[in-house]
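> Turn this into a structure:
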Amino acid sequence: MNSPEPAPKPESATRKLDCVVVGGGAAGLSAAVNMGRMRRSVLLVDERDRFRWQHMIHNYLGFPDGLPAAEIRRLGWRQAARFGAELLLGHVTTATRHGDRFRLRIERLPEGGARGGAPGPTVARDAEIARMFGEVPPGGPIEVLARTVILATGVFGHFPEFPGRDDCVGRSLFWCIHCDGYESIDRVVGVVGHDEDAVQTALDLLVFTSRVTIVAGRPEGFEVPASRLADLAASGITAHPCAVAEYENRDGQMRALVLDDPGRTRIPVEQVYTVRRTWAASELARQLGLELNALGQIVVTSEQHTNVPGVYAAGDATSLHDHQVSAAVHEGNQAACGANYHLYRPAQRAPGDTAAR
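Have a look, this model is predicted:
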């Protein structure tokens, strides 16, 4: 005999909010700041999946000396708290529609832990800093009934798993030449990837350095036409059609790629770019019935609307723009504008516009 399903919590035990923002990267932080400035009650749920590495952002306007990604996160917490947003280090386990509202169950993260994998170097002080910025008081799981939801849940899979990886990210391990190519000037660089994107990355790096090598990163070799391998050779880029046995590194510095070939060839490097498919964190989107594209990314309009009224999405989990901090900040702001408009009474909307968007 099956056990009966637990009865739902009484309405009085459920927190009621104007908006829940899921994701503490640049998009989520931007959304929380702007919802707070519109005097909406907003909870930011930071799952610690991104912005936890020692990554410097060098191409964000206004910071000529660069800014650590972790510092953007902390400044974002502080800014959001200034405008009344609440912060919770946690993980949203379920999200369901409840009439014209959305019910979310949130579990707290273990102190010092990260849902997306091993803790990065920046995680140790997160709990202390979060309390400084008014984190929701400790306790068990909480349930929230929100009028709007903004999903900024990001992606997984930019980097392979190997010992020392998190110390290398942003120092000597990268994935985007638009963000970090300038830091590769005259460096010895290895590219790991098997498809056209990887070939393009290797060739594009020649703008910055002539010392580039590419490794397929899998036993099956490359998945590109022979003509593209010829382009690599003609450009002075050696291509190795094998997997990587070891990412040799120390103290955040990549030292060599050890190939999974008969001779265990060791290729000295100063930097590594990994080019591999990422996966959008779209489980909550599926639970809410959002439209996804073939890659699992959330389909949104140019104003970050999803197909479900009251739900918005921003950042890497969507497919509108490149994965850049500047784009994420813009999308988070747009999502907040959409969510705020959804909360207006009919009289506050444009004449003839009677539907919340």
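> excluding its backbone neighbours, what's nearest G193?
V275 (3.2 Å; C-beta to C-beta, 6 or more residues apart in numbering). Heads up, the C-betas are built off the backbone N, CA and C, glycines and all.
> Give me the neighbour count for that neighbour.
Neighbourhood size, V275 [other C-beta atoms under 10 Å]: 22.
> mind listing what it touches?
V275 makes contact with W175, V191, V192, G193, D195, D197, A198, T201, according to C-beta atoms under 8 Å, 6 or more residues apart in numbering.
> ok, the second one - contacts?
Same thing as V191. A198, T201, A202, L205, V212, T213, I214, V215, V272, Y273, T274, V275 are the contacts of V191 under C-beta under 8 Å, 6+ apart.
> can you put these in JSON lines and add distance to W77 and secondary structure?
Shown next, in JSON lines, are the contacts of V191 (distance: C-beta to C-beta, whole Å; DSSP: H, G, I helix; E, B strand; the rest coil):
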{"residue": "A198", "distance to W77": "36", "secondary structure": "helix"}
{"residue": "T201", "distance to W77": "33", "secondary structure": "helix"}
{"residue": "A202", "distance to W77": "38", "secondary structure": "helix"}
{"residue": "L205", "distance to W77": "35", "secondary structure": "helix"}
{"residue": "V212", "distance to W77": "38", "secondary structure": "strand"}
{"residue": "T213", "distance to W77": "40", "secondary structure": "strand"}
{"residue": "I214", "distance to W77": "39", "secondary structure": "strand"}
{"residue": "V215", "distance to W77": "39", "secondary structure": "strand"}
{"residue": "V272", "distance to W77": "31", "secondary structure": "strand"}
{"residue": "Y273", "distance to W77": "30", "secondary structure": "strand"}
{"residue": "T274", "distance to W77": "29", "secondary structure": "strand"}
{"residue": "V275", "distance to W77": "32", "secondary structure": "coil"}
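> Drop anything exposed from these.
Neighbour counting over the contacts of V191 (16 or more other C-beta atoms under 10 Å) leaves A198, T201, A202, L205, V212, T213, I214, V215, V272, Y273, T274, V275 as the buried ones.
> residues making contact with stretch 242-260?
54, 160, 162-165, 167-168, 171-173, 190, 192, 213, 215-219, 221, 240, 261, 264-272.
> Run through the strands of the stretch 251-357 of the chain in chain order.
Along the stretch 251-357 of the chain, counting by DSSP state E, counting those that start in this stretch, strands occupy 253-259, 266-268, 271-274, 279-280, 311-313.
> Which parts of the stretch 51-200 of the chain are strands?
In the stretch 51-200 of the chain, the segments counted as strands under DSSP E, counting those that start in this stretch are 56-57, 67-68, 86-98, 101-108, 142-151, 155-156, 173-174, 189-192.
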